[in-house]
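Undergrad: Structure for the following, please:
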Amino acid sequence: MLNQKKSKKRPNIARGFRLATAQRRRKLVNRRRPINVLASFITTLNLYCGIASIFAAIEGMGLEDAAAQGLQFQKAAYFILAAMVVDTLDGAVARMTRSASEFGKQLDSLCDVVSFGVAPAVLIYTMFLPGEQEYFVRTGAFIAIIYAICTALRLARFNVFQSDIREYFIGLPSPAAAATVATFALFTIATKFTPSFWVFGPPMLGLAILMVSTVQFPKNKMKSLLLSPRLGFRLLVVCAVAIAVFDLARRQDPALVLFPVTAAYAVYGMCDTAYRRFFRRTLVSSSGASDSTTPAPPAKTGDAL
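TA: Just a heads-up that it's a prediction; the model follows:
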């Protein structure tokens, strides 16, 4: 009887040793995975810009001088734009050195939550809400919270479901949404326009909804657009207009140009998605080109999320 009990316990003990050995091997593999120090350092600069933007916005809210207050809000907005530039640099460095890792991806997402989620939300709350009524202050705080939450959801959805999609973004990218908020703040300071809650509240809520929507925004389409020889003359016209706009920004204030550019990206994504989903579908159905017997191509991962 004792031998039988011992024989029954031995497989469990062996299984425990196997599990412990497997866990040790996993830990060793994780330790040996290389970490790109340069790319991670640039990513931490992204986090620094987000925290600096939050501090500048909070300091601006406590000032009574309008000029000094506007200067602090300008700093907060420009720190968000600087975080956007740094966010593009760390990915470029990781691709150039071919050292992209899971550690870098997770660190980048955590920093983006602060720089492109919390910092724009704090800027909205501190810059546009102090002079409003109590009801609008509460509603604006609700919109700022929703904006930060939607940014975190957008980043988590991208990492899990959509990181392999190269042609387009599903949902407005969080850096583009944050840049729209920052340039809108700079635009109001440059024009000395104090918007009411009904001017900035619904657009900010719309940006939050766009981040978690299924609207497609161009990603690699810009490369094909610039390199396509068929659109050469049109691109030259666009370049001429861009030079004129750049000259206007140089002579007056860059904020007058930055906000229309960032807002145009969000509007373009909505218009392009609406055109592909409704107008092209109507044209195909009217021409009879679609065949009901042929199965539809499989959707890519994350299209319906």
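Undergrad: going forward, measure contacts between C-alpha atoms and count neighbours the same way
TA: Will do.
Undergrad: my read: Y78 touches A182, true?
TA: Yes. Contact status for Y78 versus A182: in contact at 7.1 Å, counting by C-alpha atoms under 8 Å.
Undergrad: So those two - more neighbours on which side?
TA: When neighbours are counted by other C-alpha atoms under 10 Å, A182 comes out ahead of the other of Y78 and A182, with 29 against 19.
Undergrad: Which helix or strand contains that one?
TA: helix 174-191 (DSSP states H and E).
Undergrad: what's that helix packed up against?
TA: Counting contacts by 3 or more C-alpha pairs under 8 Å, 6 or more residues apart in numbering; DSSP states H and E, helix 174-191 packs against helix 66-97, helix 119-128, helix 134-157, helix 197-211, helix 255-274.
Undergrad: Give me the helix or strand of this protein that scores worst on average pLDDT.
TA: Of all helical and strand segments in the chain, the minimum by mean pLDDT, DSSP states H and E falls on helix 2-32, at a mean of 55.
Undergrad: roughly how far is the next helix or strand after it from the heart of the chain?
TA: For helix 2-32, the succeeding helix or strand toward the C-terminus, using DSSP H and E, is helix 37-61. Computed by C-alpha atoms, centre = their mean, to the nearest Å, the chain-centroid distance of helix 37-61 equals 16 Å.
Undergrad: avg pLDDT for helix 37-61?
TA: In this model, helix 37-61 carries a mean pLDDT of 92.
Undergrad: so what secondary structure elements neighbour that helix?
TA: Counting contacts by 3+ C-alpha pairs under 8 Å, 6+ apart, helix 37-61 packs against helix 66-97, helix 102-113, helix 119-128.
Undergrad: Could you list the buried residues of that helix?
TA: Neighbour-count burial for helix 37-61 flags 39-40, 42-61 (criterion: 16 or more other C-alpha atoms under 10 Å).
Undergrad: And stretch 62-76, by the same measure?
TA: Across stretch 62-76, burial judged by 16+ other C-alpha under 10 Å covers Q69, G70, Q72, F73, Q74, K75, A76.
Undergrad: looking at it, A119 is touching G50, isn't it?
TA: Yes. Between A119 and G50 there is a contact under C-alpha under 8 Å: 5.7 Å.
Undergrad: and for the two, which residues touch both?
TA: I80 (C-alpha atoms under 8 Å, 6 or more residues apart in numbering).
Undergrad: ok, the residue lying closest to T183 once chain neighbours are set aside - contacts?
TA: Leaving aside its sequence neighbours, T183 sits nearest to F259 (C-alpha to C-alpha, 6 or more residues apart in numbering; 4.7 Å). Contact partners of F259, counting by C-alpha under 8 Å, 6+ apart, are T180, T183, F184, L186, F187.
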